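In: My questions concern the predicted model and sequence given below.
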Amino acid sequence: MTNGLALHTPEEQQLFKEQQVILDNAGVGICFIRNRLIQRCNRQFAHIYGYTTPEDLIGTSSERLYPDSLSFRQLGVKAYPRMLRGERFTTELQMIRLPAEIFWCRVTGNLINVENPTLGSIWIIEDIDRQRRDREALDALHYQQQLILDHATVGIAFMHQRRFSRSNDRIAEMFGYTPEELSRLSTRVFYPDRTAWEAAGRKHHAVLSRGEVFCAEVELVCKDGSTLWCDLRSKAINPAAPGDGSIWIIMDISDRKRHEQALLRAQDVLEQRVTERTRELESVVANLHREIEERRHAEERIRHLAQHDSLTGLPNRRLFEQGFELQLAQAAETKRKLAILFIDLDRFKHINDSLGHHEGDQLLHNLADRLREACGHENTLARIGGDEFIILLNHVEPYERIEQLTHRLQNALQPSVYIGRHEFNISASIGVAIYPHDGTDIQTLIKHADTAMCRAKANGGNRCQFYNHHLDREAVERIELRNALYQALPNQEFELHYQPQVSVHDARITCVEALIRWHHPDKGTVAPDCFIPLAEESGLIKEIGSWVLDTACQQLKTWRQAGLDLRVAVNLSAAQLDDMAFYQQVKECLERYELQPRHLELELTESILMRHVDHSIRLLNKLDQLGVHLSIDDFGTGYSSLSYLKRLPLDTLKIDRSFVRDLCTDQDDAVICRTIISMANNLKLSVTAEGVERAEQLHKLAEFGCDLYQGYLFSRPLPASDITRLYREYTPPENEHYTI
Ligand SMILES: Nc1nc2c(ncn2[C@@H]2O[C@@H]3COP(=O)(O)O[C@H]4[C@@H](O)[C@H](n5cnc6c(=O)[nH]c(N)nc65)O[C@@H]4COP(=O)(O)O[C@H]3[C@H]2O)c(=O)[nH]1
């Protein structure tokens, strides 16, 4: 770099050498410019511009170092004014080097002598191309980062020592701070208290120090005190150097959390509803099960009721017939014999009528139990009517088996039954029909057993009767009789006969009992015992009873008008007493025939009275108030108690003829008669003895203190016209008495 310099003295040459050493070893490019020409430069300068040696440049225009002449001139315009003021000029600019590379360099220029600018300038050149490019890259990176930060929808922050060192606007916006407020702000503000903040710090540190990503969803506090659910993700910038801080990405997940919580709540509600519904359904299902169960029970019960008798629990006729069908089929196949036993309790209707409904049922229940036990498991017992039972005997042979069974049945019924204070002695009539001898189908066999039973009853009851063909005739007659009864009243086939009731003391006829007779067009006179039960069964008894009352009263009027001082006694049936209009009927009848009520006597049996006790007492009291004479018929055969009798407004007791019959031979009957008479006397009732056929009976009755008697001894029941004659015969005008 000596070119152009004239070195005169050794000192100048020494200085030049020293300068050259400095220039050659300087790390920067140095050149001297005068008149825009490069006067001198060091090796580094040449290398910066791509030249091998300084000599390649010395003497050349410095313009060649600029990418174009404009930039060359611009630098001169900027630099020389300042350098002329004695200031150092520094700038960074782009220059060109070989082969044709534009590069960045920093240039610093000074005038060598401000007083004399013509001496040129000295320039120091630093190749900062790489540095500049690195910086640009860094700036670009920064720029990109800022772009990311500024446009991110999530909050991004760099933290140092748990304070914000840098963050995007989103975070400030999320927590309600200004970006300025956030800068260097401690994260303590995001936690409700210090303890929570410190606990969070420990958690973060544990994860970040391992170089792992910290993820959590936390509820942080905003500036205004509200809370924000955030998704936090964080990573240490350098886990090995905690001082470098960490980067945090914060997402506002409040909406999601709200939705989640709403969803959870909805789920809770749903689960609760499902639980409730399930519970409801369970209860519905349980109810349904219960209902099904109840229905099943009800159906079973209905089926049972349809096939069983509700009072005794025994099979009814339908079930009996079903079982019978099967047995019949088997019996036909095996040529086996079967027997049907038809059982009817003797006088049960009578007893039942004298008891209340409830007690009657109790009695039947008791008797059914006895029959069931006596019947045994191998045979089938059923109840087919009020007091009618039927038994199927599966193994008949030898025939003694039938007898053994009937004995067992009768023995079972023998012991007295006690219902309340009443004692009952029950017997049964049994009819037997045998398969195939007496019939090959159920209906025929039952019918024939029934017929045989009727015969057993007609023969006095408490016995067993096997069916034979003659019995059929009786059954047919019974049906015919019942049918004919419907025509009896319109056809005027009834007549009343009258039987006198006579004073024991003077044989005076005081009363006549009206007894109905039926003059059947074909059968002749039919006794009331034969048709009254049929009339009661068919309901015709009410009409017949009205006719009797009316006819008897009409006849009494005739007699009284003829001067006969008589009372007429009329028998009543239960159905007549049941009718509320009966009292009115009696009253009207008495008025119609202008009779005194005391001239009419109404006879009621004990069983009729006991049927509806309260109703009977009310009706009898009314009749008594009217003045009608009231008597109890067949007394002693029923079960009325003394206390009960005392409550009734009675006038007369009629001792049943069954006690009178053997009065003189049977001690018991004598005691009964005497007791009834003395009891009646005590109760101030008069006594009439029925069925007196022999004088010795009358003697006894007189001895016991009986008032009146009635019976063949004095007279059979007679037509009305005969009564007038008899009355006159036995009622002497002057005081002539028939005495015994
Ligand atoms: N062995 C015997 N019998 C005697 C003697 N004295 C009278 N009798 C009979 O005894 C029955 C007395 O009538 P009852 O006890 O009221 O018994 C009556 C009565 O319960 C009923 N009855 C008769 N007429 C009527 C009526 O108009 N209405 C109602 N509801 N029942 C009547 O028919 C039953 C039978 O009447 P009858 O056949 O007329 O039978 C009469 C009579 O003929 C005697 O010394 N020895």
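Out: Alright, I've got the coordinates.
In: Using the three-state scheme, assign the residue most central in space within the chain.
Out: What sits nearest the mean C-alpha location of the chain, by CA atoms, centre = their mean, is residue 287, with 3.4 Å. Here residue 287 is recorded as helix under DSSP: H, G, I helix; E, B strand; the rest coil.
In: For my notes, confirm residue 109 occurs in a strand.
Out: Yes. According to three-state DSSP, residue 109 belongs to a strand.
In: Touching, it and residue 121? I think so.
Out: Yes. Shown here, residue 109 and residue 121 form a contact pair, counting by CB atoms under 8 Å, at 5.3 Å. Heads up, the C-betas are built off the backbone N, CA and C, glycines and all.
In: Now for the two: what residues contact both?
Out: Here residue 109 and residue 121 share the contacting residues residue 83, scored by CB atoms under 8 Å, 6 or more residues apart in numbering.
In: Run through the residues that contact residue 688.
Out: 501, 631, 652, 653, 654, 655, 706, 707, 708, 709, 710.
In: And what about the residue nearest to residue 210 when sequence neighbours are not counted, helix, strand or coil?
Out: Nearest residue to residue 210 in three dimensions, chain neighbours excluded: residue 239, at 6.9 Å (CB to CB, 6 or more residues apart in numbering). Secondary structure, three-state DSSP: residue 239 is coil.
In: burial measure for residue 239, as a count.
Out: Neighbour count of residue 239, defined by other CB atoms under 10 Å: 15.
In: all strands of the stretch 251-400 of the chain, in order?
Out: Counting by DSSP state E, counting those that start in this stretch, the stretch 251-400 of the chain has strands at residues 338-345, 380-383, 388-393.
In: Go through those and name the closest to the ligand.
Out: strand 338-345 (20.4 Å; CB to the nearest ligand atom).
In: list the helices and strands the closest one packs on?
Out: On a contact count with 3 or more CB pairs under 8 Å, 6 or more residues apart in numbering; DSSP states H and E, strand 338-345 meets helix 317-334, strand 388-393, helix 400-413, strand 428-435, helix 442-458.
In: Pipe those into JSON lines and attach distance to the ligand per row.
Out: Below are the helices and strands packed on strand 338-345 laid out as JSON lines (distance: least, CB to the nearest ligand atom, whole Å):
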{"stretch": "helix 317-334", "distance to the ligand": "31"}
{"stretch": "strand 388-393", "distance to the ligand": "23"}
{"stretch": "helix 400-413", "distance to the ligand": "26"}
{"stretch": "strand 428-435", "distance to the ligand": "20"}
{"stretch": "helix 442-458", "distance to the ligand": "15"}
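In: Any chance of the ones you listed in JSON lines with mean neighbour count and mean pLDDT as columns?
Out: Output for the helices and strands packed on strand 338-345, formatted as JSON lines (neighbours: other CB atoms under 10 Å; pLDDT from 0 to 100):
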{"stretch": "helix 317-334", "mean neighbour count": "15", "mean pLDDT": "90"}
{"stretch": "strand 388-393", "mean neighbour count": "24", "mean pLDDT": "94"}
{"stretch": "helix 400-413", "mean neighbour count": "17", "mean pLDDT": "89"}
{"stretch": "strand 428-435", "mean neighbour count": "25", "mean pLDDT": "93"}
{"stretch": "helix 442-458", "mean neighbour count": "21", "mean pLDDT": "90"}
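In: Which one of these lies nearest to residue 526?
Out: Closest of the helices and strands packed on strand 338-345 to residue 526 is helix 442-458, at 15.1 Å (criterion: CB to CB).
In: isn't residue 94 right next to residue 101, touching?
Out: No. Contact status for residue 94 versus residue 101: not in contact, 10.1 Å apart, counting by CB under 8 Å.
In: Get me the contact residues on the protein for the ligand.
Out: 499, 514-516, 527-529, 532, 545, 548, 571-573, 633-634, 657, 690-693, 710-712, 717 (CB under 6 Å from any ligand atom).
In: Only whichever of those residues are buried, select them in PyMOL.
Out: Selecting only the buried entries of these in PyMOL, with 16 or more other CB atoms under 10 Å as the criterion:
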select buried, resi 499+514+515+516+528+532+545+548+571+572+573+633+634+657+690+691+692+710+711+717
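In: Just the ones of the residues of the chain next to the ligand in helices?
Out: The helices, defined by DSSP state H, take in 528, 529, 532, 545, 548, 657 from those.
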